[in-house]
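1. just the structure for this:
(one chain, ligands or ions: 1)
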Amino acid sequence: MSAPAAVLAGLGTHVPRRVVTNDDLTRSLDTSDEWIVQRTGIRQRHWSDPGVATSDLAVEAGHRALKSAQVDAPGDIGLLVVATSTPDRQVPATAPEVAARLGLGTVAALDVGAGCSGFVYALATASAALVAGHAERVLVIGAETFRPYLDPADRTTAVIFGDGAGAVVLRRGTTDEAGALLGFDLGSDGTLHDLVVIPGNGSRPRSTDRALAPEDQYLRMNGREVFPHAVRRMAQSSSAVLATAGWDLDQVDHVVGHQANLRILYALARQLGVDPERVVTHLEQVGNTSAASIPLALADAAAQDRFRLGDRLLLTSFGAGLTWGSAVLTWPGTTPA
Ligand code: UT7
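-> Residues are numbered from 1 along each chain as shown. Here you go, the predicted structure:
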C-alpha cells in the first residue's frame with residue numbers, strides 16, 4: 001500500500017577545479033602512488049584554493065540540484081539541511097548563509113554534523129520533515145572543505161581526504177514512486193569519538209587554559225582501528241535497513257557506500273555477500289569527501305548511465321563519531337546537473 005515518502009527529484013554536484021594527484025603528493029610526503037592506490041584505491045582528489053570555504057562548494061552543488069529538479073521559485077524549498085564536518089565557522093551554522101546565497105529566502109536551515117555519515121543523517125532528517133508535512137520540498141547538501149584541516153606533514157590523512165559537494169532535492173511523494181526513500185537505519189558509538197578527530201575545535205579544548213598548538217587544528221585519524229568498525233557497522237546497518245524495507249540483498253541493484261577506501265567497500269561486499277560489480281566506486285577520482293561522498297558517487301554513476309529507472313539502491317555510510325547510517329531508495333531516472 002502506498003504511503004507518504006520523500007522522493008528524490010534532483011541531484012547536483014561540484015568539486016573544486018584543482019586536481020591533486022598521488023604523484024603530486026609524493027613531492028612533499030614520504031608516500032607513493034603505489035601505496036595510496038593499493039591501500040585505498042584513491043588516484044587523485046580535488047582541493048579548494050585558499051579563500052574557498054564549504055559554503056562556496058555547497059552553493060554551487062545546491063544551484064545544480066535545484067536546476068536538475070527544475071525548481072525555479074525559491075519559495076518552493078521549505079527546508080535546507082547542510083551535512084558537513086567542515087562548516088565555514090563554528091557559529092553560525094553554514095546552512096543559513098547557503099540558503100541566502102541560493103535565494104531561498106527565510107527558509108528553515110540547519111547543519112547536520114555526523115562525520116562521513118552526515119549525508120545519510122541529513123536525508124533522514126529531510127525525509128522525516130517531508131513525511132510529517134513540514135515541507136513540500138527539501139534541499140539536502142553534503143559539503144566539505146578538508147584541505148585546511150590536513151596536516152601537510154601527515155601522510156596518513158593528507159593522501160585520503162578531498163573537497164567537494166553533492167546536493168539532492170527531495171519532494172513529498174509516495175512510496176510507490178520511483179525515487180522514493182523507503183527506509184533508514186542510523187546509529188553511533190561515541191565511546192570511540194577519539195578515533196577521527198580535530199582536537200583543537202570546539203568547547204572541549206577551549207574549556208582549559210592550555211594554549212592550543214597549531215597542530216591541534218588538523219584532522220587526526222587512527223585509520224587502522226577505524227577500518228574494521230567501518231566494515232562491520234556498514235554491514236550491520238545495511239542488513240537492518242533492508243529488513244525495514246522488506247528487501248532481500250539479491251534485490252539490491254547497486255550498493256553506494258561511503259567512499260573512504262576501496263578495500264573497505266569490497267570487504268563490505270564480501271561480508272554482505274554482494275557481487276563487487278554491484279558496488280559503486282568513485283573515490284578513485286575524488287578521495288574521501290566525507291559528507292559529500294555519497295551524492296558525488298550517485299551523480300558519477302548516474303552520469304555514466306549505470307542506473308536504470310526503478311533500480312534498487314542501498315546507501316550506507318560510516319564516519320567520525322563514530323556514526324553510521326544507511327538508506328534504501330529506488331532510482332528516479334534523475335539526470336544530475
Ligand atoms: O571516512 C571516515 C572513516 N574513515 C575510514 O573509514 C578510514 C578507514 N581506514 C583506512 O582506510 C585505512 O586504515 C588507511 C587507508 C587510512 C590506512 O591504510 P592501512 O592499510 O590501515 O595502513 P596502516 O595505517 O596500517 O599503515 C601501514 C603502514 C604503516 O607503516 P608501518 O608501521 O607498517 O611501518 C604506516 O606508517 O603504512 C604506513 N603508511 C604509509 N606509507 C606510505 C601510512 N600512510 C602511508 C602513506 N604512504 N600515505
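
2. name the surrounding residues that touch stretch 330-337.
-> Contact with stretch 330-337 is made by 7-13, 64-65, 67-69, 177-180, 182, 253, 298-299, 302-303, 307-313, as judged by CB atoms under 8 Å, 6 or more residues apart in numbering. Using the backbone N, CA and C atoms, a C-beta is placed for each residue, glycine as well.

3. likewise for stretch 193-209?
-> 90, 115, 149, 212-213, 216-222, 225-226, 229, 319-322.

4. and that stretch, how far out from the chain middle?
-> Mean C-alpha position of stretch 193-209 versus that of the full chain (CA atoms, centre = their mean, to the nearest Å) differs by 23 Å.

5. element containing residue 327, please.
-> strand 323-330 (DSSP states H and E).

6. quick revisit: of the contacts of stretch 330-337, which belong to helices?
-> Secondary structure defined by DSSP state H assigns 64, 65, 67, 68, 298, 299, 302, 303 of the contacts of stretch 330-337 to helices.

7. which one of the residues you listed is nearest the ligand?
-> The ligand has its nearest neighbour among the ones in helices among the contacts of stretch 330-337 in residue 298, at 17.0 Å by CB to the nearest ligand atom.

8. number of residues surrounding that closest one?
-> Residues lying near residue 298 (other CB atoms under 10 Å) number 28.

9. with adjacent residues omitted, what lies nearest to it?
-> The spatially closest residue to residue 298, leaving aside those adjacent along the chain, is residue 256, at 5.9 Å (CB to CB, 6 or more residues apart in numbering).

10. A strand includes that neighbour, no?
-> Yes - counting by DSSP: H, G, I helix; E, B strand; the rest coil, residue 256 is found in a strand.

11. quickly list what it is bridged to.
-> Going by DSSP bridges, residue 256 is paired in beta bridges with residue 315.

12. that one against residue 312, yeah?
-> No - applying CB atoms under 8 Å as the test, residue 256 and residue 312 come out as separate, 11.2 Å apart.

13. follow-up on the earlier one: contacts only, for the residue nearest to residue 298.
-> Per CB under 8 Å, 6+ apart, neighbours of residue 256: 280, 294, 297, 298, 301, 313, 314, 315, 316.

14. isn't the fifth one right up against residue 311?
-> Looking back up the chat, that one is residue 301. No - applying CB under 8 Å as the test, residue 301 and residue 311 come out as separate, 10.1 Å apart.

15. the more surrounded of these two?
-> Set residue 301 next to residue 311 and count neighbours by other CB under 10 Å: residue 301 wins out with 19 against 16.

16. now that one: how far from residue 122?
-> 20 Å (CB to CB, to the nearest Å).

17. try residue 58
-> Plainly put, residue 58 is 12 Å away from residue 122 if you go by CB to CB.

18. the more surrounded of these two?
-> Using other CB under 10 Å as the criterion, residue 58 and residue 122 rank with residue 58 on top: 34 against 29.

19. doesn't the more buried one belong to a strand?
-> No - going by three-state DSSP, the assignment for residue 58 is helix, not a strand.

20. in terms of helices and strands, where is the residue lying closest to it once chain neighbours are set aside?
-> Distance criterion CB to CB, 6+ apart; nearest residue to residue 58, sequence neighbours excluded, is residue 143 at 3.8 Å. Assessed by DSSP H and E, residue 143 sits inside strand 137-144.

21. got it, and residue 244?
-> Per DSSP H and E: helix 223-245 holds residue 244.

22. and for residue 156?
-> Using DSSP H and E, the element containing residue 156 is helix 155-158.

23. how about that helix, does it get close to the ligand?
-> Yes - under the criterion of CB under 6 Å from any ligand atom, the ligand is reached by helix 155-158 at 155, 156.

24. pLDDT of that helix, averaged?
-> Helix 155-158 carries an average pLDDT of 97.

25. that one: how far from the chain's middle?
-> Averaging C-alpha positions (CA atoms, centre = their mean) puts helix 155-158 20 Å from its chain's average.

26. buried residues in the next helix or strand after it, which are they?
-> Tracing the chain past helix 155-158, the next element assigned as helix or strand by DSSP H and E is strand 164-174. For strand 164-174, burial by neighbour count (16 or more other CB atoms under 10 Å) applies to 164, 165, 166, 167, 168, 169, 170, 171, 172, 173.

27. where does this structure have its least confident helix or strand?
-> The helix or strand of the chain with the poorest confidence is helix 203-206; it has a mean of 91 (mean pLDDT, DSSP states H and E).

28. which strands and helices sit next to the helix or strand following that helix?
-> Where DSSP H and E defines the elements, the next helix or strand beyond helix 203-206 is strand 220-221. Where contact means 3 or more CB pairs under 8 Å, 6 or more residues apart in numbering; DSSP states H and E, strand 220-221 is packed against helix 155-158, strand 196-197.

29. sheet partners, orientation included, of the last one?
-> In the sheet containing strand 196-197, the strands it pairs with under DSSP bridges are strand 220-221 (antiparallel).
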